[in-house]
Each structure stands twice: as C-alpha cells, then as structure tokens.
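Enquirer: Structure here, sequence nowhere to be found:
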Ligand SMILES: Nc1ncnc2c1ncn2[C@@H]1O[C@H](COP(=O)(O)OP(=O)(O)OP(=O)(O)O)[C@@H](O)[C@H]1O
Ligand SMILES: [Mg+2]
C-alpha cells in the first residue's frame, strides 16, 4: 500500500492580493517520483517552495508524515532542494563540495563516517574517482550530479528538484533523466520534480501533476494523463492532439463532422456537446471509399520514423502521423478505432487548442518565402 508522505491541503498563495496558487490539494506518496508540470508562471516553483518551507502558504496546511509543518523552517524539514542554478563551491574539489553539509552537522560526524558517506554518494551518482577534481573543471552533467550528491548525502526523505536539467543540452538531458530515475530508485526516497517539458515528465515520473494558472488540472500516471486527459489544455500540453467539437449521441457513440463514430466513453447526457481528442498516431489512412471522413493532404514533413501530414477536413486541419507517404494534394480517407477516440467534458479551454491550421500556415509561410524572386529590390538604407 503506498503511504502518504506529504500533503498540501487547501493551499492558497497570494502575493500582494494576487492569487498565484488557488486552493491546491496534493498528496505525495513515500518513495514516489512525482512531477509538477505546466507552463511558465503556473505556480510550480511556488508549490515546491511551500513543500521546502521557503514560503508559507497564505492559507491552507502542509503535512509531513501526518504532522502539520506550516511553521517548521526549511532546515528542520527532512527535505532538500536542487535548484536549476546549482551553485557548486568552485574553490572546493568534488569531495569537499559533497562533504560540506556533513561537516556542519551537529553532533559532529567522525572523519571516517564523512569519508565513507561521501564516497558512497559519489558512487551512486557515477562520479567515483572524481573526488579530487576541481569542481570548475567538470562538465555540466557532472556538475549537476555533484549538486545532487551534495543534497542526497544528507539523507533527506524527499528531494525537491526545480528544473535541474534546464541548462543542459538535449542529449545530456536525456542521459540525466535516466540517471535521475536510477538515483531515485537506488536511494529509495521521494523525488518532487519540476519541469515544463512534457516528454521529461512522461519519461521519469510515477505521477504527473498538470498545472495551469495556479490550479491543478489533473493528477495521474503518465499513461493516464496521455490517454485520458481531463480537458483540452491537458490534451494539448501533453503530446500532439487534434481536438474537435463533438456531440455524445449515446453511450459509446459520438458525432464528429456529422458522422457517427464508436468510442469507449459513457456517462454523458444525450447529445451533450463535448471535446473530442484524437491523437495523430491513432488515425488510419485508408482508401477514400473506406474512409469515415475524407480530406486533402496539405503538408508533409518527414520526421525520420514517420511523416507528419496535415489534412484538411472541410477547413479544419488535423495532424496525422503515418509511415506511409501521401503526397500533398492527395485525397485520403481516414478511419479511427473506438479506442483512438477520447471524449472530454467541455471546459474553459474548449475551442482554444487542437487545430493545426496555424501549424500548416507556418509551412505555407516557408514555401512563400522560397517563392520570393531574387531580383526583389532592397531599399538602399538597409544595405
Ligand atoms: N515572491 C513573489 N512575489 C510576487 N509574485 C511572485 C513571487 N513568486 C512568484 N510570484 C508569481 O507567482 C506566479 C507563479 O510563479 P512560479 O515561480 O511558481 O511559476 P513557475 O510555474 O515556477 O514558472 P517557471 O516555469 O517560469 O519557473 C508568477 O506569476 C510569479 O510572477
Ligand atoms: Mg519555476
């Protein structure tokens, strides 16, 4: 049975009367890898700071292991933080950076205990043999691992990580994502991780918390969040989605563009207007006569493993991912299996996302640019 370790109960945070976290309810289990995911300014760092004790909520309570800790200062919480701008002590070597917090502990630890804990930690973050390296001589990923070792050597029950990979290049980010997951499992503790990168969140987390505008929209496993988004914002933020208007005719039957489609969703009112999400990889291209809908290919982009194609259905543009090439101008039919259709309640996000008209316009602009004649005159003052 998972055990709850941290709970934010009705937490609201306001700065000068402006609410930036609105009545947050969040439960974090022991040994869980939980990620706060959302766009810039949605309140991720503020939530982390409340857990760490750097910020007191304007109202609401914070519990740790069932005990209210609103008034417990950061250094008395069994929580440590790794910030995006991890400042290593550049005048100290790797060993001394990691040993720093241990040397301040009271009662004082023995020399041999400090040495064995630092070496054990360096082994866990794959930096064995780096003890005497100058910290300024390390690569970005190695520095990040020193910062993590420095936080973990104090044996917190929870590690808070605020966009710790933000400064690294894509390749290193991917390597570090695996490393972090491995470290969390090796240490067998709770990680609360903040990112605005949805791929990162899906790849690493046991639970993902999707936030927007100071509110939690959805909490679930990566699979839940991807397959069963609660509204158009979550569907759009996590992966690519076509989102269209529909009406639930009955349990398991939805109408889209005047056509009936079988789906797995039930429990809606008869003819209830809904948002329908169809992921680009769930649409099958078929001969026109076999298609439920027919459309015209307006753009094709080769992505390596598949093609991204934009298809115009009566002025509404969908993104389809397919391994078969359908050139621009081709008329195609499409089929969608019942489990490729996901129905969502209408929300304040309805109509804001999920149309790829602007996506294809980007490509139109590029081809327009190609068509600019070479002899276009340039005003002299710009030369
Ligand atoms: N000390 C503060 N005083 C006033 N406003 C603040 C303060 N801290 C945060 N805010 C505001 O609260 C909102 C949420 O900020 P927060 O840092 O939690 O966002 P975030 O989700 O971490 O964003 P990012 O991805 O850009 O780091 C923002 O509008 C921010 O300007
Ligand atoms: Mg932040």
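Expert: Cool, the structure landed. Owing to the predicted nature of the structure, the values given are computational and were not obtained by experimental measurement. Ligands and ions are numbered 1, 2, ... in the order given.
Enquirer: Up against ligand 1, what does the stretch 151-300 of the chain have?
Expert: Contacts of the stretch 151-300 of the chain with ligand 1, taken as Cβ under 6 Å from any ligand atom, map to residue 196. C-beta coordinates here come from the backbone N, C-alpha and C atoms, glycine included.
Enquirer: Please enumerate the helices of the stretch 151-300 of the chain.
Expert: 170-187, 198-204, 222-227, 232-237 (DSSP state H, counting those that start in this stretch).
Enquirer: any idea how far the closest residue to ligand 1 within the stretch 51-200 of the chain lies from residue 51?
Expert: In the stretch 51-200 of the chain, the residue that lies nearest ligand 1 is residue 196 (5.0 Å; Cβ to the nearest ligand atom). As judged by Cβ to Cβ, to the nearest Å, residue 196 and residue 51 stand 18 Å apart.
Enquirer: out of these two, which sits in the more crowded spot?
Expert: Each of residue 196 and residue 51 has its neighbours counted (other Cβ atoms under 10 Å); residue 51 has more, 24 against 18.
Enquirer: Can you verify the more buried one is assigned to a helix?
Expert: Yes: counting by DSSP: H, G, I helix; E, B strand; the rest coil, residue 51 is part of a helix.
Enquirer: my read: it touches residue 192, true?
Expert: Yes: at 6.3 Å, residue 51 counts as touching residue 192 under the criterion of Cβ atoms under 8 Å.
Enquirer: Need the residues touching each of the two.
Expert: The contact sets of residue 51 and residue 192 overlap at 6, 28, 158, 160 (Cβ atoms under 8 Å, 6 or more residues apart in numbering).
Enquirer: could you dump these to a markdown table with pLDDT, neighbour count and distance to residue 297?
Expert: Formatted as a markdown table, these follow (pLDDT from 0 to 100; neighbours: other Cβ atoms under 10 Å; distance: Cβ to Cβ, whole Å):
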| residue | pLDDT | neighbour count | distance to residue 297 |
| --- | --- | --- | --- |
| 6 | 98 | 23 | 50 |
| 28 | 98 | 20 | 46 |
| 158 | 97 | 23 | 50 |
| 160 | 96 | 26 | 47 |
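Enquirer: Out of those, list just those in strands.
Expert: Under the assignment DSSP state E, the shared contacts of residue 51 and residue 192 contribute 6, 28, 158, 160 to strands.
Enquirer: residues contacting residue 283?
Expert: Applying Cβ under 8 Å, 6+ apart to residue 283 gives the contacts 242, 318, 320-322, 334-336, 340.
Enquirer: What ranges does the stretch 151-300 of the chain have for its strands?
Expert: Secondary structure of the stretch 151-300 of the chain (DSSP state E, counting those that start in this stretch): strands at 158-162, 190-195, 207-212, 215-220, 242-250, 253-256, 259-262, 272-278, 283-286, 293-302.
Enquirer: and of those strands, who's closest to residue 95?
Expert: Residue 95 lies closest to strand 158-162 among those, at 20.6 Å (Cβ to Cβ).
Enquirer: same for the closest one, what does it pack against?
Expert: Judged by 3 or more Cβ pairs under 8 Å, 6 or more residues apart in numbering; DSSP states H and E, the packing partners of strand 158-162 are helix 44-52, strand 79-82, helix 140-152, helix 170-187, strand 190-195.
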